[in-house]
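Novice: I'd like to go over a predicted model; first the sequence, then the structure.
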Amino acid sequence: MVLAVHGGAGGALRRENTNPELAKVVRKGLADALRAGQKVLEKGGTSVAATEAAVRSLEDNEMFNAGKGAVFNEDAGHELDASIMRGSDQAAGAVAGVRNVRNPISAARLVMEKTKHVMLAGEGADDFAARSGLPTVTQDYYWTEARWQELLAAKGHGPASAKKQLTQGTVGAVAVDHEHNVAAATSTGGLVNKMVGRVSDSSSIGAGTYAKNGTVAASATGHGETFIRGAATSTISNLIEFGGKDLASAAYDVLVKRLPKLGGDGGVIALNAQGVFDAPHSSAGLLNGYLTADGKIVTRIFYDETPPNQ
Ligand code: ASP
């Protein structure tokens, strides 16, 4: 594999009761993201640029909980988190709680490339993104009816109408480029009805995102608090580097054995510089897809395509 994406962990999509239209748009969303990253890699672009392009495509797609289509916080507003990491030198960038950047992942990349810091939060992050020339939006840009209904349901108002929509939706990408450098990127609107100011694992290097050439590029999704406490993605890397494990067993160990014991389910996409890929998850579902070196795109959205690991 050379590139993989995820569209979040959560409830499983079952063939028998999933609206075919919904299945189609989800699959297309993942495939479009893979194509966006593929374009970059085919032109000789870096894994950082490929993961950014893939995540931007998912942020722009209102089906997913990142960028447009992000969930609402308890104040009926949106605060978005994103992070990106480069495997060649472990450079990293992140933004937390941004409210006006159209593509938080691009802001995270600029933090990595243009500042001496790793993470910017809140107003300072939004200002930095705007000053750097990234497109800004007003909060209503992120709005979707489905997420609004989800907030009402979470607050106990109105019908629990979450049926037609996805319970998952955080997005991420991992890639390896022609120079054999890996990168990982993650973006989210967080958890529905979250407290104002709450920061997720998706913007935390070592929790939601990690990349190191000799070990792994990993992007996680799931119950963020647990993924932060369990240092999810950096632990996968450490188990490979210091524990002698291979990629699949290290990722399995963290996602299926360790994190559920801390009280949180989820999944991860993990790829190394040799193109070894795995996507273990303890949650019922993990929307994901990958691109092979010869250009084949595979998306996995249904329970039978991506059953949870035991
Ligand atoms: N990890 C994200 C968060 O806690 C949510 C998710 O991946 O679904 O905000």
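Specialist: Looks like it arrived, so ask away. Numbers count the residues shown, from 1 in each chain.

Novice: Skipping adjacent residues, who's closest to residue 91 in space?
Specialist: Nearest residue to residue 91 in three dimensions, chain neighbours excluded: residue 112, at 5.3 Å (Cβ to Cβ, 6 or more residues apart in numbering). The way it works is simple: take the backbone N, C-alpha and C, and place the C-beta from them, glycine included.

Novice: Run through the helices of the stretch 1-150 of the chain in chain order.
Specialist: Remark: helices assigned in the stretch 1-150 of the chain by DSSP state H, counting those that start in this stretch are 20-42, 47-60, 104-114, 122-131, 145-154.

Novice: Any chance of the ones you listed in a markdown table with mean neighbour count, distance to residue 300 and mean pLDDT as columns?
Specialist: As requested, the helices of the stretch 1-150 of the chain are exported to a markdown table (neighbours: other Cβ atoms under 10 Å; distance: least, Cβ to Cβ, whole Å; pLDDT from 0 to 100):
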| stretch | mean neighbour count | distance to residue 300 | mean pLDDT |
| --- | --- | --- | --- |
| helix 20-42 | 19 | 8 | 97 |
| helix 47-60 | 28 | 15 | 98 |
| helix 104-114 | 25 | 22 | 98 |
| helix 122-131 | 17 | 33 | 98 |
| helix 145-154 | 17 | 22 | 94 |
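
Novice: hmm, which helix or strand of the chain has the shakiest average pLDDT?
Specialist: helix 145-154 (a mean of 94; mean pLDDT, DSSP states H and E).

Novice: Which one, of the helices of the stretch 1-150 of the chain, ends up nearest to residue 281?
Specialist: Smallest distance to residue 281 across the helices of the stretch 1-150 of the chain (Cβ to Cβ): 15.1 Å, for helix 20-42.

Novice: residues in contact with the closest one?
Specialist: 2-5, 7, 13, 15, 46-47, 49-51, 53-58, 61, 63-64, 164-166, 171, 173, 175, 177-178, 287-291, 295, 297, 299, 301-302 (Cβ atoms under 8 Å, 6 or more residues apart in numbering).

Novice: residues in the stretch 101-250 of the chain within reach of the ligand, list them.
Specialist: Within reach of the ligand by Cβ under 6 Å from any ligand atom, the stretch 101-250 of the chain has these residues: 168, 170, 188, 190, 191, 200, 201, 202, 221, 222, 224.

Novice: Of these, which belong to helices?
Specialist: Among these, the ones falling in helices (DSSP state H) are residue 224.

Novice: Leaving out chain neighbours, which residue sits closest to residue 113?
Specialist: Nearest non-adjacent residue to residue 113, counting by Cβ to Cβ, 6+ apart: residue 93, 7.0 Å away.

Novice: Which strand residues bridge the one you found?
Specialist: Beta bridges link residue 93 to residue 84, judged by DSSP bridges.

Novice: was I right about it contacting residue 104?
Specialist: No: assessed by Cβ atoms under 8 Å, residue 93 is found out of contact with residue 104, at 10.7 Å.

Novice: So what does residue 223 have for phi and psi?
Specialist: phi -70, psi 100 (degrees, to the nearest 10).

Novice: Now the stretch 1-150 of the chain against the ligand: closest residue?
Specialist: Per Cβ to the nearest ligand atom, residue 8 is where the stretch 1-150 of the chain lies closest to the ligand, at 4.9 Å.
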